[in-house]
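# Sequence isn't available, so here's the structure alone:
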């Protein structure tokens, strides 16, 4: 129950304020009598699928998109578009470079696209590696992702 209440408060905070770091989020929660550590916040961020987007007042801020639906919302598409740096084929793979901290978010979107040419993907901090069935499939996926970005 406490975790659920804390998660709700985290979502409320990141909606109301630009929070850039785990330490800031921890301080905000502690000020509201939610006694938490940075390790707890780190787990919460993973469980809530929070990610960083460009801020207005700060360089980055935490954001959340409800990904319970199988379709990609316009907001999720816009955030995907904003975090992509480049999309390139390399043999039967596609390398998607993202802004720092957005590799897994890009992976979530690409997975939801359900392209039949994709065998699987692995996400890092600022890179998503997409493995395709063959070299031609990788080129097709690059084209599809680029069309999706427009």
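Everything's here; your move. From a predicted model like this one, the values you see are computed outputs, not experimental measurements. Numbers count the residues shown, from 1 in each chain.

# Can you get me a residue count around the residue nearest to residue 30 when sequence neighbours are not counted?
Residue nearest to residue 30 in three dimensions, not counting chain neighbours: residue 36, with 6.5 Å by Cβ to Cβ, 6 or more residues apart in numbering. Where C-beta positions appear, they are placed from N, C-alpha and C, glycine not excepted. Neighbours of residue 36 under the rule other Cβ atoms under 10 Å: 20.

# which phi and psi does residue 36 have?
Dihedral pair for residue 36: phi -140, psi 160, per degrees, to the nearest 10.

# That one reaches residue 26, doesn't it?
Yes - assessed by Cβ atoms under 8 Å, residue 36 is found in contact with residue 26 at 5.7 Å.

# circling back: mind listing what the residue nearest to residue 30 touches?
By Cβ atoms under 8 Å, 6 or more residues apart in numbering, the contact list for residue 36 reads 6, 26, 29, 30, 44.

# Skipping adjacent residues, who's closest to residue 106 in space?
Once chain neighbours are set aside, the closest to residue 106 by Cβ to Cβ, 6+ apart is residue 128, at 4.6 Å.

# tell me the contacts of residue 130?
Contacts of residue 130 (Cβ under 8 Å, 6+ apart): 93, 94, 95, 96, 110, 118, 120, 121, 138, 141.

# ok, the residue nearest to residue 30 to residue 16 distance?
18 Å (Cβ to Cβ, to the nearest Å).

# ok, now residue 74?
22 Å.

# buried sites along the host helix or strand of residue 27?
Using DSSP states H and E, residue 27 maps to helix 22-31. Within helix 22-31, the residues scored as buried using 16 or more other Cβ atoms under 10 Å are 22, 24, 25, 26, 28, 29.
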